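Novice: Sequence below, structure please.
(one chain, ligands or ions: 2)
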Amino acid sequence: MSYIREDLRYKIENIHAREIIDSRGNPTVEVDVFTGNGFGRSSVPSGASTGTNEALELRDKDERYRGKGVISAVDNVNNTIKNELLGMDVRYQRQIDGLLIDLDGTDNKMNLGANAILGVSMAIAKAAADSLNIPLYTHLGGTNSFNLPVPTMNVLNGGEHAGNKLAIQEFMIQPKEAGSFTESMQMGVETYHALGKILESKYGPAATNVGDEGGYAPPIDVTSDALDCLVNAVEEAGYSETDITIGLDAAASEFFDGNSYSIDGKVMDSSELMDYYLELLDTYPILSIEDPFHEEAFEDFAELTREAWNTIIVGDDLFVTNVNRLSRGIEMDAANGLLLKVNQIGTISESFDAASMANRNGYNVIVSHRSGETEDSIISDISVALGADMIKTGAPARSERTSKYNQLLRIEENLGDVSRFMQL
Ligand SMILES: C=C(OP(=O)(O)O)C(=O)O
Ligand SMILES: [Mg+2]
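Specialist: Residues are numbered from 1 along each chain as shown. Ligands and ions are numbered 1, 2, ... in the order given. Next up, the predicted model:
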């Protein structure tokens, strides 16, 4: 760092973490970073259908720490991390992230907690952008930050995110044939409202109650009934099957019991489930399927990727935004899409490493929220900085979701003529 003159404007003067609540009413970590010339605040999301191999979210009441005198994620920021980082220059994201990784010293960030580390990593990025007086997406992505991702909007919730019997967790619409992100959002909200009317007329007024990510959570039991409603909603809104495609997140680890999968009232082995997906792909305009098999089923993922060659097969619990798992997947041709969740790995730099590896190997990158969210919209800036193909951040309703979509509307406005809407 010696080749740049020390500059008090970028020096970390203080770091402070506190506990706040997330969209499910659970505690989470918020971090403030103060420099001589700026300020950054960021808060950490939390999953429900979490992958076994994700970095560890340190919880005060975590069984693994009982009796070991472990302090909370908030205390770890306010003591250990703060003491180490005071006086550093916020422009050095990668050096700071490296220091946080070393300070923790474990593969899954269990000492300090990935939630403590990520809160700091994200707040550092925001403090740097503020101190430099440039947009966050420009700070993170430089001259290449001008692509707006296609939104993949979870308009109908099942699995762990809803109280209905649908095994598949997320039914998403992807308004991809739009001239801009703004137009794409309009297509998405029109379809979301049309879907609400269809569900209400078919299943009664309670069918428009919503799940964890703001999508409707109707009392539907069978996948094809949910997909029929989505197809009808796209038509009702005045769009075609190529204008708006469908994305699924099966989150299949959640309906796998170690031997077989339970879906639509049937028990299937992996080859039956494979045939089931191929039939769905024949019948519906599905562009992407995330986590179609359980989180260790690399071989089954690879077979589906071969069979469904024009479908985006996305690894979420499979890859957990971890370059080691992603490189294993790349070697096996296990997928062609990476779901990128910053809190699965715990720092901005490591998330960017996963995105670079995915890009170099022709994978689509889909930046994603978690089912438990805060009002923080950093993933929107990250999606533009990475030139991500899609952003997945729930329904176009409920403020912890719309904060992300609205930030992308602002970014598109800010970029003006040089902005480009991603072509899938
Ligand atoms: C967003 C998701 O859900 P969660 O945050 O519960 O893992 C997902 O599985 O992609
Ligand atoms: Mg998922």
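
Novice: For stretch 405-412, buried residues please.
Specialist: Burial within stretch 405-412, assessed by neighbour count using 16 or more other CB atoms under 10 Å, is assigned to 405, 407-409, 411-412. The way it works is simple: take the backbone N, C-alpha and C, and place the C-beta from them, glycine included.

Novice: which ones among these come in contact with ligand 2?
Specialist: Restricting the buried residues of stretch 405-412 to those touching ligand 2 (CB under 5 Å from the ion) yields no residues.

Novice: Now, these that are in helices?
Specialist: Mapping those onto helices (DSSP state H) picks out 405, 407-409, 411-412.

Novice: just the residues you listed now: which is nearest ligand 2?
Specialist: Ligand 2 lies nearest to Y405 out of those, by CB to the ion, at 18.6 Å.

Novice: Show me what residue of the stretch 251-400 of the chain gets nearest to ligand 2.
Specialist: Ligand 2 sits closest to D316 of the stretch 251-400 of the chain, with a gap of 3.5 Å, by CB to the ion.

Novice: Next one: that residue relative to L248, how far apart?
Specialist: 12 Å (CB to CB, to the nearest Å).

Novice: list residues touching both of the two?
Specialist: E290 (CB atoms under 8 Å, 6 or more residues apart in numbering).

Novice: what residues are up against the residue nearest the centre of the chain?
Specialist: Geometric centre of the chain, nearest residue: S368, 1.5 Å, by CA atoms, centre = their mean. Counting by CB under 8 Å, 6+ apart, S368 touches 316, 339-341, 379, 391-393.

Novice: same thing but at 7 Å, please
Specialist: Neighbouring residues of S368 by CB atoms under 7 Å, 6 or more residues apart in numbering: 339-341, 392.

Novice: if we can go back for a sec, assign a three-state SS to the nearest residue to the residue of the stretch 251-400 of the chain closest to ligand 2 once chain neighbours are set aside, would you?
Specialist: Closest residue in space to D316, ignoring its immediate chain neighbours: L339 at 3.9 Å, by CB to CB, 6 or more residues apart in numbering. Secondary structure, DSSP: H, G, I helix; E, B strand; the rest coil: L339 is strand.

Novice: Would you mind naming the residues that bridge with L339?
Specialist: I366 (DSSP bridges).

Novice: and the gap between it and V33?
Specialist: Taking CB to CB, one finds L339 at 27 Å from V33.

Novice: which residues are in contact with the helix or strand that contains L100?
Specialist: Assigned by DSSP states H and E, L100 belongs to helix 93-104. With contact meaning CB under 7 Å, 6+ apart, helix 93-104 is reached by 80-81, 84-85, 88, 111-112, 117, 120-121, 124-125, 128, 347-350.
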